[in-house]
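Engineer: I need the structure of the sequence given here:
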Amino acid sequence: MRSASSSEETLTETPAPTPTPIQIPVLAGTPYPPPREPLGPENAARVAQLARWGKGGVAEIAFLPDGRLLAVASSLGVYLYDAETLAEVRFLPTDSPVRSVAFSPDGRLLASGSGDGTIWLWDAASGALLRTLEGHTNWVHSVAFSPDGRLLASGSWDNTIRLWDAASGALLRTLEGHTDFVHSVAFSPDGRLLASASGDNTIRLWDAASGALLRTLEGHTSRVFSVAFSPDGRTLASASWDNTIRLWDAASGQLVRALEGHTAQVRSVAFSPDGRLLASGSYDNTIRLWDAASGALLRTLEGFSVAFSPDGRLLASGSWDNTIRLWDAASGAPLRTLEGHTDYVNSVAFSPDGRLLASGSGDGTIWLWDAASGALLRTLAGHTGDVLSVAFSPDSRLLASASDDRTIRLWDAASGALLRTLEGHTWSVNSVAFSPDGRLLASASWDDTIRLWDAASGALLRTLEGHTSRVFSVAFSPDGRALASASDDRTIRLWDAASGALLQTLEGHTDDVDSVAFSPDGRALASASDDRTIRLWDAASGALLRTLAGHTDWVLSIAFSPDGRALASGSWDGTVRLWGVR
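Structural biologist: Predicted structure coming up:
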């Protein structure tokens, strides 16, 4: 507080700095050579990845100590950017998704931890791979250099921390004691302590020189995902999935205070260089800034589906960053980003006449956009849970939406009026699809069933049972005679759409099957899975034609282009990939 003064003083307000505009890099990928022929059983052996759009999902970022470079850990590798302009300097591809990155204190080395349990050491200046450190048996989720740069610590989902000689890459010791994943490791500023955060709800403090366990900090009621020391080394901050941040006395291990306010799991914490501020990032889509001394909240910063247009010129993708992106399907150039949803975009669909684009979101709404201009036309509200799927009727007059609230809603696409609500499923409805003639509506649910409805009246016609776990996706064949369903039981099932009889079961995926799509001529069926592959099947015989590998994480959505020449896939790895006949 300013003390009283007998003489008046004039206070001149310091003008706010004007930020320098930054050109954000486009989400470009590899060039797209247009395929020459439609996909089918006769050429399935020649189907290959033609292009990759997007730069992968971001797991972590780290600044070079002098602040000039920014390293980004992604599902495809490590990107290095100029920290001022955000121009890409270099891309370091890896064999497995990268979960963590850290620069050595002198800025000469870059360490990256991967999903295959390895740590890669790079020359930060040239990008040359120096060595690969092997030993962990699961994801390496965190890497950190000691302040003198001599040690490298790695925390893994194999429940261990490993200490390595940063110069030679030799393993010095393995620290055991955690009973669940190790999510984060951090050295104290003097290098004497090493802190580790784990899914066993604890933080452990270790002697960095000997590897001895000094103490275990308990108090969090869920996973501890991140730890950070204050610059003076006196305080240790921890972030947890119990929605709190806790501040501990690093010397005694005593809890100083708990910071509450986030409404979802807290993913990360970091102190400002002067130690006065503490930042926390959460799955509630906010970053919160706290006074590190008092714990007072200072401010809050607000912080995978694909579909082709009917003419095949546009590709829309929905994302967990709450946006929809429109791409030029021929060149792969990003055209525009549609923003407004306040939660993830789980489903996108073009109307058959190509005029509308619908997006379904975790915020419980469906938004209708002008497909040509990207302008928002209207918002459809009514669902009381996440909207997981949207589909237009063949005449573009109806829009169906499926929700986590266990209902399907039918809307007038022109006016946005709610026409009827279809009830009957006993768990989340994950997918909806109209038959080609528009008379039937199929819905897939986490209650392990598919239901067929009369699209005009909303009457339930039949329930298809047979899957032994959640059903994620349904699709009609172009002639309307068959219905395909994809399930958590790792199978695809083909049903007779008229009678509901099971025709065949397709097996081969080694994890959940998330999406199915028929080729436009109905001869091929594509399936996308959490096993990171797309499989192509002969729709008539059920024979496996081809397995397409390339994605580095779950493949959540697939769609054929209208001419059948391209197959698009959207993945949790943050990319959209295009496949076709070479």
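Engineer: in the strand or helix carrying residue 348, which residues are buried?
Structural biologist: For residue 348, the element it lies in under DSSP states H and E is strand 345-350. For strand 345-350, burial by neighbour count (16 or more other C-beta atoms under 10 Å) applies to 345-350. Every residue, glycine included, has its C-beta placed from N, CA and C.
Engineer: cool, stretch 389-406 as well?
Structural biologist: By 16+ other C-beta under 10 Å, the buried positions in stretch 389-406 come out as 389-394, 396, 398-406.
Engineer: again, but for stretch 230-248
Structural biologist: Within stretch 230-248, the residues scored as buried using 16+ other C-beta under 10 Å are 230, 233, 235-248.
Engineer: turn the buried residues of strand 345-350 into TSV, including distance to residue 92.
Structural biologist: As requested, the buried residues of strand 345-350 are exported to TSV (distance: C-beta to C-beta, whole Å):
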residue	distance to residue 92
345	30
346	32
347	34
348	32
349	37
350	37
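Engineer: pLDDT check: weakest of the residues you listed?
Structural biologist: Lowest pLDDT among those: residue 346, with 74.
Engineer: which ones are touching the spatially closest residue to it that is not a sequence neighbour?
Structural biologist: Nearest non-adjacent residue to residue 346, counting by C-beta to C-beta, 6 or more residues apart in numbering: residue 388, 5.2 Å away. When contacts are counted by C-beta atoms under 8 Å, 6 or more residues apart in numbering, residue 388 touches 346-347, 360, 402-404, 428-431.
Engineer: go with 6 Å
Structural biologist: Taking C-beta atoms under 6 Å, 6 or more residues apart in numbering, we find residue 388 in contact with 346, 402, 430.
Engineer: distance check, the first one against residue 465.
Structural biologist: When C-beta to C-beta, to the nearest Å is the yardstick, residue 346 and residue 465 sit 25 Å from each other.
Engineer: still on that earlier bit, from the buried residues of strand 345-350, which two are the most distant?
Structural biologist: Taking C-beta to C-beta as the measure, these span a maximum distance of 16.0 Å, between 346 and 350.
Engineer: so which helix or strand takes in the residue nearest to residue 346?
Structural biologist: strand 387-392.
Engineer: what pairs with that strand, and is each one parallel or antiparallel?
Structural biologist: If you go by DSSP bridges, strand 387-392 pairs up with strand 398-403 (antiparallel).
Engineer: ok now the strand it pairs with, how far from the chain's centre?
Structural biologist: 24 Å (C-alpha atoms, centre = their mean, to the nearest Å).
Engineer: quick one on the thing from earlier: in JSON lines, list the contacts of residue 388 along with distance to residue 83.
Structural biologist: Below are these laid out as JSON lines (distance: C-beta to C-beta, whole Å):
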{"residue": "346", "distance to residue 83": "33"}
{"residue": "402", "distance to residue 83": "43"}
{"residue": "430", "distance to residue 83": "41"}
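Engineer: between the residues you listed, which is closest to residue 460?
Structural biologist: residue 402 (14.8 Å).
Engineer: starting at the chain centroid, how far to the helix or strand harbouring residue 515?
Structural biologist: Assigned by DSSP H and E, residue 515 belongs to strand 513-518. How far strand 513-518 lies from its chain's middle: 19 Å, per C-alpha atoms, centre = their mean.
Engineer: what's the closest non-adjacent residue to residue 40?
Structural biologist: residue 523 (5.2 Å).
Engineer: contacting residues for the one you found?
Structural biologist: Each residue near residue 523 by C-beta under 6 Å, 6+ apart is listed here: 40-41, 539.
Engineer: tell me how many other residues surround the closest residue to residue 176 other than its chain neighbours.
Structural biologist: Spatial nearest neighbour of residue 176, excluding adjacent residues (C-beta to C-beta, 6+ apart): residue 160 at 5.5 Å. Using other C-beta atoms under 10 Å, the number of residues around residue 160 comes to 19.
Engineer: now do residue 502
Structural biologist: The tally of other residues near residue 502 (other C-beta under 10 Å) stands at 14.
Engineer: is it in a bridge, and if so with what?
Structural biologist: Residue 502 has the following beta-bridge partners by DSSP bridges: residue 495.
Engineer: same thing with residue 228?
Structural biologist: In this entry, residue 228 is beta-bridged to residue 237, by DSSP bridges.
Engineer: and residue 400, by the same measure?
Structural biologist: On the basis of DSSP bridges, residue 400 is bridged to residue 391, residue 410.
Engineer: which residues does it contact?
Structural biologist: Contacts of residue 400 (C-beta under 6 Å, 6+ apart): 391, 408, 410, 432, 441.
Engineer: closest to residue 481 out of those residues?
Structural biologist: Distance to residue 481 across the contacts of residue 400 (C-beta to C-beta) is lowest for residue 441, with 16.2 Å.
Engineer: just give me the neighbour total for the closest one.
Structural biologist: With other C-beta under 10 Å as criterion, residue 441 counts 27.
Engineer: so it sits against residue 453, correct?
Structural biologist: Yes - between residue 441 and residue 453 there is a contact under C-beta atoms under 6 Å: 4.5 Å.
Engineer: bridging residues for residue 422?
Structural biologist: Going by DSSP bridges, residue 422 forms beta bridges with residue 408.
Engineer: quick one, what contacts it?
Structural biologist: Neighbouring residues of residue 422 by C-beta under 6 Å, 6+ apart: 408, 453, 458.
Engineer: which stretches of the stretch 401-550 of the chain form strands?
Structural biologist: Applying DSSP state E, counting those that start in this stretch to the stretch 401-550 of the chain gives strands spanning 408-412, 418-422, 429-434, 440-445, 450-454, 460-464, 471-476, 482-487, 491-496, 502-507, 513-518, 524-529, 533-538, 544-549.
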